[in-house]
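kindly return the folded structure for what I paste below:
(2 chains)
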Amino acid sequence: MRATFVTSEVGAGLRRNLTMTFAVIITVAVSLALFGVSLLVRAQVTTMQDFWYDKVEVSIFLCARGSDAASCASGAVTAAQRDQIRADLESLRPLVEEVYYESKEEAFERFREQFANSPIVENVTAEALPESFRVKLADPTQYDVVASAFAGRPGIEQVNDQRQILDKFFALLNGLQAVALIIAVVMLVVTVLLIVNTMRVAAFSRRRETGIMRLVGASNFYIQLPFLLEAAVAAALGGGLAVVGLVAVKSFVIDRVLAPSFQFTAFVGWDAVVAIAPILLVTGVALSSVAAFFTLRKYLRV
Amino acid sequence: MILFDHVSKTYASQNRPALDDVSLEIEKGEFVFLVGPSGSGKSTFLRLVLREERPNSGQVWVLGKELDRLSNWKIPSLRRQIGTVFQDFRLLPNKSVFENVAFALEVIGKPRSHIRKVVPEVLEVVGLEDKMERRPDELSGGEQQRVAIARAFVNRPMLLIADEPTGNLDPNTSVGIMKLLDRINRLGTTVIMSTHDSQIVDQMRRRVIELETGHLVRDQSRGVYGYAR
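Okay, here's the model as predicted:
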């Protein structure tokens, strides 16, 4: 194998077909960048889930006087009921990680803190607020187990899962990710078609050389290698551009714009970018090499 | 060297067979003319030898191998033992004479030192040793065909196939090409040459194989072109 011969062929091929090479690089870059963004959004959702699910808890509100839920028909929760609920929650370990009882007074304290500047505090007494168990789950997705065990039990007014509110938000993000992914896939298909066409043109424009190579007994591998490397090099350049775009998204859009405006939540770190970059490069190079390989098999037969 | 055993070939788009039940044998070191009108099957014959086509029936043996049983990845090594020359020269216009010949060696992975040694040698055999740096468009037709022959011969093939090598050349130039092919044949390479040029065939007095509409109609040692049947 003569390395200098192959590299000079690749360089000549890329230059000869400059406009097509350019088109391949750009489409690869755009489609892979979109693909990268969709992976980044997925990583963002995971990051936020880790961040929030760690903080969410299930609230079991106990009946207060005057609650109108069916399970509260017998009036405020009794001490026996409360102890039984606590015992039952403890028995759910290890699913239940932590149980914390919040009395009416504590609920009132928290309420006053939360609404410190609001006149509403004046009208609320500790008696009006329900006492509750705050339950932290080892696995927040197992909420149903707790809900089915406690919802509707005498003495319990309501079982609330904070996760449900978050999930609506995550569903939105997941939707965005799906849209980005679909566009990325469509773009990748377009890219493959473009590569197929580029290879066809390249094979046609060098049919004289490849014809002679066949006649003098060059192996298929040797004939196709320059073409394959051309496709791979173009795809690698496009993939490189896509990675640059991804870095720009992370350092400008996320770090400079989003993170300062939404300080209450966590954003994806550079580790996600580092993980996605090789995926983009490998996807680009593999896709274009495979596309080129099958095109060449058709147009450069022995 | 070459054995055709009841070979028939029909192209997918045609009804009439391009070759119909052809059987013949060509020995090592022979010089064979393949004659016949256009469409008689000469090109198909040569393409079968090069394994560019496969027969529909019958067997083609070349250099001791049955080509239909030859797996695809072994075809290149077969073709490295066969030199090919065409009517249209098939040179690369942007490469010099030296580079055109060297190309044939580069693409089969020969080392540079070997190329630098054998290319000047073979250009001397064809008489172009002082035109190595010229481009094809600076050469006459005869000289271009000599470059093509040098390229075909640089690997010292067992077999040289020439498909109407003098078809684009004037008679005087053709004589020079024929002398060159004759010389290559005397160096031990089997030569098969298809041609329409009756003068050449009559002068050379070598074996003549004539095809007509795919049939073998004449196989004559020391033959002439227009043999009355």
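
make it CA atoms for all contacts and neighbour counts henceforth
Will do.

how far off centre is the helix ranked longest in chain A?
The residue-count maximum for a helix in chain A (DSSP state H) belongs to helix A:163-205. Helix A:163-205 sits 14 Å away from the centroid of its parent chain (Cα atoms, centre = their mean, to the nearest Å).

can I assume residue A:267 is in contact with residue A:254?
Yes - assessed by Cα atoms under 8 Å, residue A:267 is found in contact with residue A:254 at 7.5 Å.

tell me the helix or strand right after the longest helix of chain A.
helix A:207-215 (DSSP states H and E).

thinking residue A:140 is in contact with residue A:52, fair?
No - between residue A:140 and residue A:52 there is no contact under Cα under 8 Å: 9.9 Å.

which SSE is the closest residue to chain B within chain A in?
Here the residue of chain A nearest chain B is residue A:217; by Cα to the nearest Cα that distance is 4.0 Å. Assigned by DSSP H and E, residue A:217 falls within no helix or strand.

what's the neighbour count on the closest residue to it other than its chain neighbours?
Distance criterion Cα to Cα, 6 or more residues apart in numbering or on different chains; nearest residue to residue A:217, sequence neighbours excluded, is residue B:76 at 4.0 Å. When neighbours are defined as other Cα atoms under 10 Å in any protein chain shown, residue B:76 has 21 of them.

my read is that residue B:76 contacts residue A:214, right?
Yes - using Cα under 8 Å, residue B:76 is in contact with residue A:214, at 7.3 Å.

hey, what's in contact with both of those two?
Both residue B:76 and residue A:214 are in contact with residue A:220, where contact means Cα atoms under 8 Å, 6 or more residues apart in numbering or on different chains.

on the three-state scheme, the residue sitting nearest the centre point of chain B is what?
Centroid-nearest residue in chain B, with Cα atoms, centre = their mean: residue B:161, separated by 1.4 Å. Assigned by DSSP: H, G, I helix; E, B strand; the rest coil, the conformation of residue B:161 is strand.

so residue A:267 and residue A:254 - more neighbours on which side?
Neighbour tally, residue A:267 and residue A:254, criterion other Cα under 10 Å: the higher count belongs to residue A:267, 21 against 17.

and the more buried one, backbone torsions?
In terms of degrees, to the nearest 10, the main-chain angles of residue A:267 are phi -120, psi 160.

so who does it touch?
Residue A:267 touches A:44, A:47, A:48, A:254, A:259, counting by Cα under 8 Å, 6+ apart.

for these, which one is nearest residue B:190?
residue A:44 (72.2 Å; Cα to Cα).

tell me where the chain has helices.
This is for chain A. Using DSSP H, the helices found in chain A span residues A:3-16, A:18-53, A:79-91, A:104-114, A:143-150, A:163-205, A:207-215, A:220-248, A:259-261, A:270-299.

nope, chain B
B:42-49, B:75-79, B:97-106, B:112-125, B:141-153, B:171-186, B:198-204.

wait, does the first one contact chain A?
In this case it means helix B:42-49. No - residues of helix B:42-49 are not located near chain A by Cα under 8 Å from any Cα of the partner chain, the shortest gap being 10.9 Å.

export that helix as PDB, just CAs?
Extracted C-alpha coordinates of helix B:42-49, given in PDB (Å, rounded to 0.1, in the frame of the first residue of the first chain):
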ATOM      1  CA  LYS B  42     -14.200 -10.600 -31.000                       C
ATOM      2  CA  SER B  43     -14.700  -8.100 -28.100                       C
ATOM      3  CA  THR B  44     -16.800 -10.600 -26.200                       C
ATOM      4  CA  PHE B  45     -14.100 -13.200 -26.600                       C
ATOM      5  CA  LEU B  46     -11.500 -10.800 -25.100                       C
ATOM      6  CA  ARG B  47     -13.800  -9.700 -22.300                       C
ATOM      7  CA  LEU B  48     -14.400 -13.300 -21.300                       C
ATOM      8  CA  VAL B  49     -10.600 -13.900 -21.100                       C
END
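
got a pLDDT number for the residue in chain B that chain A sits nearest to?
Residue of chain B nearest chain A, by Cα to the nearest Cα: residue B:76 (4.0 Å). For residue B:76, the model assigns a pLDDT of 91.

again with the one 5 residues further on
The predicted local confidence for residue B:81 comes out at a pLDDT of 94.

so what's it up against?
Contacts of residue B:81 (Cα under 8 Å, 6+ apart): B:155, B:156, B:157, B:158, B:159.

swap in residue B:157?
Per Cα under 8 Å, 6+ apart, neighbours of residue B:157: B:80, B:81, B:82, B:83, B:189.

in strands, which of the residues you listed fall?
Among those, DSSP state E puts B:82, B:83 in strands.

give the buried subset of the contacts of residue B:157 as a ChimeraX selection command.
This is the ChimeraX syntax for the buried subset of the contacts of residue B:157, where burial follows 16 or more other Cα atoms under 10 Å in any protein chain shown:
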select /B:80,81,82,83,189
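
max pairwise distance over the contacts of residue B:157: which two?
Farthest-apart pair in the contacts of residue B:157 is B:80 and B:189; separation 13.4 Å (Cα to Cα).

sorry, back to before: would you reformat the helices of chain A as a markdown table and include distance to residue B:33?
Compiled in a markdown table, the helices of chain A are given as follows (distance: least, Cα to Cα, whole Å):
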| stretch | distance to residue B:33 |
| --- | --- |
| helix A:3-16 | 38 |
| helix A:18-53 | 47 |
| helix A:79-91 | 100 |
| helix A:104-114 | 105 |
| helix A:143-150 | 90 |
| helix A:163-205 | 33 |
| helix A:207-215 | 21 |
| helix A:220-248 | 31 |
| helix A:259-261 | 83 |
| helix A:270-299 | 33 |
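
determine which of the ones you listed approaches residue B:93 most closely.
Nearest of those to residue B:93, taken as Cα to Cα: helix A:207-215 at 9.8 Å.

burial count for residue B:170?
So residue B:170, with other Cα under 10 Å, has 11 neighbours.

cool, and residue B:40?
The number of residues packed near residue B:40 is 20, by other Cα under 10 Å.

also residue B:69?
Applying other Cα under 10 Å, we find 10 residues neighbouring residue B:69.

what's the pLDDT at it?
At residue B:69, pLDDT is 90.

around chain A, pick out the residues from chain B.
Residues of chain B lying near chain A (Cα under 8 Å from any Cα): B:52, B:72-73, B:75-80, B:82-84, B:90, B:92, B:104, B:106-111, B:152.

can I get the buried part of those as one PyMOL selection?
Buried residues within those, by 16+ other Cα under 10 Å, are selected in PyMOL with:
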select buried, chain B and resi 75+76+78+79+80+82+83+84+90+92+104+106+107+108+109+152
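
show me how far stretch A:57-64 is from its chain's centre.
That offset, for stretch A:57-64, works out to 33 Å (Cα atoms, centre = their mean).

need the CA coordinates for that stretch. PDB is fine.
Taking Å, rounded to 0.1, in the frame of the first residue of the first chain, the C-alpha atoms of stretch A:57-64 are listed here in PDB:
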ATOM      1  CA  GLU A  57     -41.400  14.700  47.900                       C
ATOM      2  CA  VAL A  58     -44.800  13.200  48.300                       C
ATOM      3  CA  SER A  59     -47.000  15.100  50.600                       C
ATOM      4  CA  ILE A  60     -49.700  13.300  52.600                       C
ATOM      5  CA  PHE A  61     -52.100  15.900  53.900                       C
ATOM      6  CA  LEU A  62     -54.100  14.700  57.000                       C
ATOM      7  CA  CYS A  63     -57.700  15.700  57.600                       C
ATOM      8  CA  ALA A  64     -58.200  18.900  59.500                       C
END
